[in-house]
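Got a predicted model here, sequence first, then my questions.
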Amino acid sequence: MHAGENQARTLGFCIAGAAAGSGNLGVRALCNSTIAGLSRRASGATISVFDDRKGVAPLDIPGAGDGCKIQRTGARLTRRWHDPDSFGHIRVALRLGGLNNATARAIRDADAILDISGGDSFTDLYGPWRLRAILMPKQIAIESGTPLVLLPQTIGPFESPKAIEDARRVMLGAAAVWARDARSAENMRTILGDRFDPAIHREGVDVAFLLPPVAPPDTAPLESLVDGQPFAGVNVSGLIWNQPDKARSQYGFKADYRVFLPALVERLARDPGLRVLLVPHVNAPADMYESDLRACRELHAGLDPAVAERVSVVSEFDQPEHAKWLISRAEWFCGTRMHATIAGLSTGVPTAAVAYSPKTVGVFESVAQGEHVADPRTLDTEPMIDALWRSFESRADARASLAQHLPGVKAKAEAQLDEIVTLAGGTIEIVNTQPPSAESAA
């Protein structure tokens, strides 16, 4: 609330970098967590989510508060500047007052643009086109005069001088910037130098720590896969599995993903008291390299027949909350996709990560689990198997450590959202509209 106001006013937000229609459940987790958190604090808010799909349409988000108007609006990087959903068209429309462009009007009318860069894409690690797509909504927000807030995300790494300078300009032009871990916060401090302002540039927590696990409508097919037995979950990344040469050339893998991951799965499956579930976390057509389900199926097909019957492939989930529900029930979880591992960590499940960028260890260190990160860029194939197996064997200690550290991390995540709503000019009056917990939904 602004000084002198006696009533809370209705706020407007735009969310960039977390498309509601993404096949990546991690991106959807960021979207759903942010919207649910905002709507619980800003009754009646208008929330527009930038999306790769065309046009404007209402969104139904689990846990969103009543009375909020939630919609997706087209906003994407394309060379077709005449397309109303292109960033180029949106940029021109804003300079002319909004005109007939729904996304430009949403930006013009918003109290803040909240940008999260997919959690880990504010970097030039994924190439110049991807970085340009990540930078564009930030630059448009700054040009429009609408306050820009960078939600908790990985900052960097940036290799090229131009990328470093672009990132610096964005962070200096933002009303607030949250890095999601200590390593990213240090990257931000280095890039900004003497322009670093601790009142603006802060260390935070990934918003998906607050995403609730919710049982899918029919749990019987999932229950039948384990038949009442404890299970370990393993997320197989299509990004890495389906393009092994790129894993070596772009990410610098020393270890062979297609060797150490099946070896780990077979070793887990030889435990007579344990089942293994292969869990996809990015939904994509089977002929696309991003498909986790394709990778899970190929891994399963190549397993030793003596143990393959103790391993099952889980079908793709429609909602990130449903995937989190399954992961929350695991005895131990190993993921390559960042937000698959956050689903485990945030529900207190002992979790290991296969890391292919600095983003992973920073998030794990935020909950005192840094020793459970295995990096195939520095470890060879056999040491990777050993490192992940040590994580499995120390799962009881990891569970106890998570129980100790998670309450503080989640409190920090809630405080971030309080600050964001206050920054946009609202007052905080939290309405409990969270969806059912994993226990009550099961």
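Perfect, I can see it now. This is a predicted model, so every value here is computed, not measured. Numbering: from 1, shown residues only.

tell me the pLDDT at the closest residue to Pro244 other than its chain neighbours?
Closest residue to Pro244 apart from its sequence neighbours, by CB to CB, 6 or more residues apart in numbering: Arg258 at 5.7 Å. Yep, even glycine has a C-beta here, placed from its N, CA and C like the rest. Here the pLDDT value assigned to Arg258 is 97.

In which helix or strand does Arg258 reside?
Element membership for Arg258 (DSSP states H and E) is helix 257-269.

for that helix, packing partners?
Applying 3 or more CB pairs under 8 Å, 6 or more residues apart in numbering; DSSP states H and E, we find helix 257-269 packed against strand 231-234, helix 238-241, helix 244-249, strand 275-278, helix 292-301, helix 305-308, helix 381-393.

mind running it again at 7 Å?
helix 238-241, helix 244-249, strand 275-278, helix 292-301, helix 381-393 (3 or more CB pairs under 7 Å, 6 or more residues apart in numbering; DSSP states H and E).

tell me the contacts of Pro84?
By CB atoms under 7 Å, 6 or more residues apart in numbering, Pro84 lies in contact with Asn101.

For stretch 151-166, list the C-alpha coordinates in PDB.
The C-alpha coordinates for stretch 151-166 follow below in PDB (Å, rounded to 0.1, in the frame of the first residue of the first chain):
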ATOM      1  CA  LEU A 151      12.400 -13.600  -9.200                       C
ATOM      2  CA  PRO A 152      14.900 -16.100  -7.600                       C
ATOM      3  CA  GLN A 153      16.900 -17.600 -10.400                       C
ATOM      4  CA  THR A 154      20.400 -18.700 -11.300                       C
ATOM      5  CA  ILE A 155      22.500 -15.700 -12.400                       C
ATOM      6  CA  GLY A 156      25.000 -16.800 -15.000                       C
ATOM      7  CA  PRO A 157      27.400 -18.100 -15.900                       C
ATOM      8  CA  PHE A 158      28.100 -15.600 -18.700                       C
ATOM      9  CA  GLU A 159      31.100 -16.200 -21.000                       C
ATOM     10  CA  SER A 160      30.900 -13.500 -23.600                       C
ATOM     11  CA  PRO A 161      31.700  -9.800 -22.700                       C
ATOM     12  CA  LYS A 162      28.400  -8.700 -24.500                       C
ATOM     13  CA  ALA A 163      26.300 -11.200 -22.400                       C
ATOM     14  CA  ILE A 164      28.000  -9.900 -19.200                       C
ATOM     15  CA  GLU A 165      27.200  -6.300 -20.100                       C
ATOM     16  CA  ASP A 166      23.600  -7.100 -21.100                       C
END
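
where exactly do the strands run in the stretch 301-442 of the chain?
Assigned strands in the stretch 301-442 of the chain, in chain order: 311-313, 332-335, 351-354, 373-374 (criterion: DSSP state E, counting those that start in this stretch).

CSV please, covering those and showing mean pLDDT.
Converted to CSV, these look like this (pLDDT from 0 to 100):
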stretch, mean pLDDT
strand 311-313, 98
strand 332-335, 98
strand 351-354, 98
strand 373-374, 98
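
Using a markdown table, lay out those together with mean neighbour count and distance to Lys69.
Below are the strands of the stretch 301-442 of the chain laid out as a markdown table (neighbours: other CB atoms under 10 Å; distance: least, CB to CB, whole Å):
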| stretch | mean neighbour count | distance to Lys69 |
| --- | --- | --- |
| strand 311-313 | 20 | 39 |
| strand 332-335 | 28 | 35 |
| strand 351-354 | 29 | 36 |
| strand 373-374 | 23 | 41 |
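
Dump those into CSV; add distance to Lys138 as well.
Listed next are those as CSV, based on distance: least, CB to CB, whole Å:
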stretch, distance to Lys138
strand 311-313, 38
strand 332-335, 28
strand 351-354, 28
strand 373-374, 29
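
Out of those strands, the one nearest Gly362 is which?
Gly362 lies closest, by CB to CB, to one member of the strands of the stretch 301-442 of the chain: strand 373-374, at 9.5 Å.

How many neighbouring residues does Arg248 have?
Arg248 is flanked by 16 other residues according to other CB atoms under 10 Å.

gap between it and Lys254?
Using CB to CB, to the nearest Å, Arg248 is found at 8 Å from Lys254.

Show the model's pLDDT score for the closest residue to Gly74 other than its chain neighbours.
Leaving aside its chain neighbours, Gly74 sits nearest to Asp85 (2.9 Å; criterion: CB to CB, 6+ apart). You'll see Asp85 listed with a pLDDT of 91.

Pull up the gap between Asp85 and Gln71, please.
Separation of Asp85 from Gln71 (CB to CB) stands at 14 Å.

Look at these two and report which has more neighbours.
Shown here are Asp85 and Gln71; by other CB under 10 Å, Asp85 has more neighbours (22 against 16).

Hmm, Leu77 and that one touching each other?
No - Asp85 lies out of contact with Leu77 (CB atoms under 7 Å); the separation is 10.2 Å.

What residues of the top helix by length along the chain count as buried?
Secondary structure of the chain per DSSP state H: the longest helix is helix 395-423. Of the residues in helix 395-423, 395, 398-399, 401-402, 406, 409, 413, 416-417, 420-421 count as buried by neighbour count, 16 or more other CB atoms under 10 Å.

try stretch 351-371
For stretch 351-371, the buried set under the neighbour-count rule, 16+ other CB under 10 Å, comprises 351-364, 366-367, 369, 371.

Could you do stretch 74-81 as well?
Buried residues in stretch 74-81 (16+ other CB under 10 Å): 74-77.

Sort out for me which of those residues are in strands.
Among the buried residues of stretch 74-81, the ones falling in strands (DSSP state E) are Gly74.
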